[in-house]
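Chemist: Below is the sequence, then the predicted model.
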Amino acid sequence: MALDKEVLIAMDNDGPGRAATEKLRRDLPCFRHNFFPIPLPHKDFGETPASILREAVHHLQSQTDIASRGQAYPALG
């Protein structure tokens, strides 16, 4: 059952996390635009300060809004 909700998937910023992200992108292409990169230099979602996560999510949402209007989707940096 579809709940019509956006899902953000946040893997660790390390080799296994990047490998898992690529596997999910390959196996679940419908989630491709919903991957949330943990802001560098942080490695783990749970170790990243909430204020930085809030800012990054806000940035990602604003970029998604731009992309939905037909503009290029910039990388989160």
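Modeler: Structure received.
Chemist: Quick one: low-confidence residue ranges for the protein.
Modeler: Scanning the chain for pLDDT under 70 picks out 1-6, 29-34, 64-77.
Chemist: longest helix anywhere in this protein?
Modeler: helix 50-68 (DSSP state H).
Chemist: Tell me the buried residues in that one?
Modeler: Buried residues in helix 50-68, defined by neighbour count with 16 or more other C-beta atoms under 10 Å: Leu53, Ala56, Leu60, Gln63. (C-beta placed from N, C-alpha, C; glycine too.)
Chemist: ok, those vs Asp27, which is closest?
Modeler: Among the buried residues of helix 50-68, Leu60 lies closest to Asp27 (C-beta to C-beta), at 22.0 Å.
Chemist: Would you check that that closest one makes contact with Phe36?
Modeler: Yes - using C-beta atoms under 8 Å, Leu60 is in contact with Phe36, at 6.4 Å.
Chemist: what is in contact with those two at once?
Modeler: Residues touching both Leu60 and Phe36 (C-beta atoms under 8 Å, 6 or more residues apart in numbering) are Leu8.
Chemist: where along the chain do the helices fall?
Modeler: For the chain, the helices defined by DSSP H cover 15-27, 50-68.
Chemist: if I look at Lys43, how far off is Arg18?
Modeler: Distance from Lys43 to Arg18, counting by C-beta to C-beta, to the nearest Å: 11 Å.
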